[in-house]
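> Turn this into a model:
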Amino acid sequence: MYQSTAKIRVRYAETDQMGYCYYGNYAQYYEVARVEALRSLGINYKDLEELGFLLPVSDFNIKYVLPAYYDEELDVKCIIKETPDVKIKFFYETKNSKGELLNFGTTTLVFVNSKTKKPTSCPLFLFNKIKNHINEK
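Sure thing, here's the model as predicted:
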């Protein structure tokens, strides 16, 4: 299992009339955590795209437990539990500064060849980096 945590502060524009962080923002928060998790492994989306790989989201799931509020700093943990194949699945947990669980969820992304627009296998270098981190623990 590999994990990293991104810190995100809820901006005023991201709250709704109830003062809660609007539920739709969590897709973006999860994306930030996912990009930073890959970056911490030495991988970035720009490099993947330049190598001919795209990673569209094929599935997004979330379970809300508690709301977040304006100006709260959130810890969005991104976890990779298994080695990728044609798809890669990310698991998330969002907590506030008190350590309270606000939500948890998953996203599944598909490796797509940028020229053919068809699914393809995970690039070997990415597979190996994730495999090495998962096997370390």
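
> Specify the residue positioned farthest from the middle of the protein.
Gln17 (27.0 Å; Cα atoms, centre = their mean).

> Give the buried residues for the helix or strand where Val35 lies.
Assessed by DSSP states H and E, Val35 sits inside helix 25-40. Using 16 or more other Cβ atoms under 10 Å as the test for burial, helix 25-40 gives Asn25, Tyr26, Tyr29, Tyr30, Glu31, Ala33, Arg34, Glu36, Ala37, Leu38. For every residue, glycine as well, the C-beta is placed using N, CA and C.

> quick one: which of those is nearest to Gln3?
Relative to Gln3, the closest of the buried residues of helix 25-40 is Ala37; by Cβ to Cβ it sits at 7.4 Å.

> A strand includes Phe91, no?
Yes - under DSSP: H, G, I helix; E, B strand; the rest coil, Phe91 sits within a strand.

> For it, which non-adjacent residue is spatially closest?
The shortest distance from Phe91 to any non-neighbouring residue, by Cβ to Cβ, 6 or more residues apart in numbering, is to Ile79 (4.2 Å).

> List the backbone torsions phi and psi for the one you found.
phi -130, psi 130 (degrees, to the nearest 10).

> what's the neighbour count on it?
18 (other Cβ atoms under 10 Å).
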